[in-house]
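Trainee: Structure here, sequence nowhere to be found:
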């Protein structure tokens, strides 16, 4: 059974720092992995999707990596800004289902 | 461009009352549609998905049901709400080429509180 874990559950850093969010999964047989952003009380916004054959994807200040063999993905945020404050969720597409982590709540302090 | 709507945005209901949440998608045809529930501090849980009108698959046994009366309309219902039904309900859609292989696009969600 696929399980997805995100560590840490919460993270608070000063503005301008580079940071890494972690996502791990137990079964390496995945189709793809997605990172989403959720603002308080709002729906989810897709940030990056990495296919199982890819190692990384980049969008602006965001870079997501995927290491299937070790069951890990990281989301790197460069030069963090207060507007990056949100909960970040990763979801693994495994066996035709999206299995979700519980998220990392990120606070960027001005 | 495609947009997805959910209503109501918030809802407070007594235990035992019925429920109807609606989701509609604009700007695309024959989408895959999904209902998720997000409990506090937990990941999203897939409740139902649909690949076409009248085609509903349930992922989790519960007192909720879903219907798809039109191509771009997805409804989540209950005859009698339980306290445990409280949570944040999200509707999503994806391109219908394959099930859950493309990026899913989410609606704004409905915050349900059952008292």
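Mentor: That came through fine. Quantities reported herein were computed from a predicted structural model and do not represent experimental measurements.
Trainee: alpha carbons only for contacts and neighbour counts from here, please
Mentor: Will do.
Trainee: in chain A, which spans are strands?
Mentor: A:4-7, A:10-14, A:19-25, A:32-38, A:44-51, A:56-59, A:62-67, A:72-77, A:86-94, A:97-100, A:104-109 (DSSP state E).
Trainee: Mind listing the strands the second one pairs with, and their directions?
Mentor: Spelled out, that is strand A:10-14. Here strand A:10-14 is paired, per DSSP bridges, with strand A:104-109 (parallel).
Trainee: And for the strand it pairs with, what's in contact with it?
Mentor: Residues from elsewhere that reach strand A:104-109, judged by CA atoms under 8 Å, 6 or more residues apart in numbering or on different chains: A:6-15, A:21, A:80-89.
Trainee: for chain A, where's the lowest mean pLDDT among helices and strands?
Mentor: strand A:97-100 (a mean of 85; mean pLDDT, DSSP states H and E).
Trainee: gap between that strand and the chain center?
Mentor: Its chain's average C-alpha position is 13 Å from that of strand A:97-100, according to CA atoms, centre = their mean, to the nearest Å.
Trainee: Kindly tell me how buried residue B:60 is, as a neighbour count.
Mentor: Residue B:60 is flanked by 11 other residues according to other CA atoms under 10 Å in any protein chain shown.
Trainee: Who are the contact partners of it?
Mentor: By CA under 8 Å, 6+ apart, residue B:60 lies in contact with B:46-48.
Trainee: try it again with 10 Å
Mentor: Contacts for residue B:60 (CA atoms under 10 Å, 6 or more residues apart in numbering or on different chains) come out as B:45-48.
Trainee: and it, helix, strand or coil?
Mentor: Under DSSP: H, G, I helix; E, B strand; the rest coil, residue B:60 falls in the coil class.
Trainee: if we can go back for a sec, near chain B, anything from the least confident helix or strand of chain A?
Mentor: Yes - contact between strand A:97-100 and chain B, assessed by CA under 10 Å from any CA of the partner chain, occurs at A:97-100.
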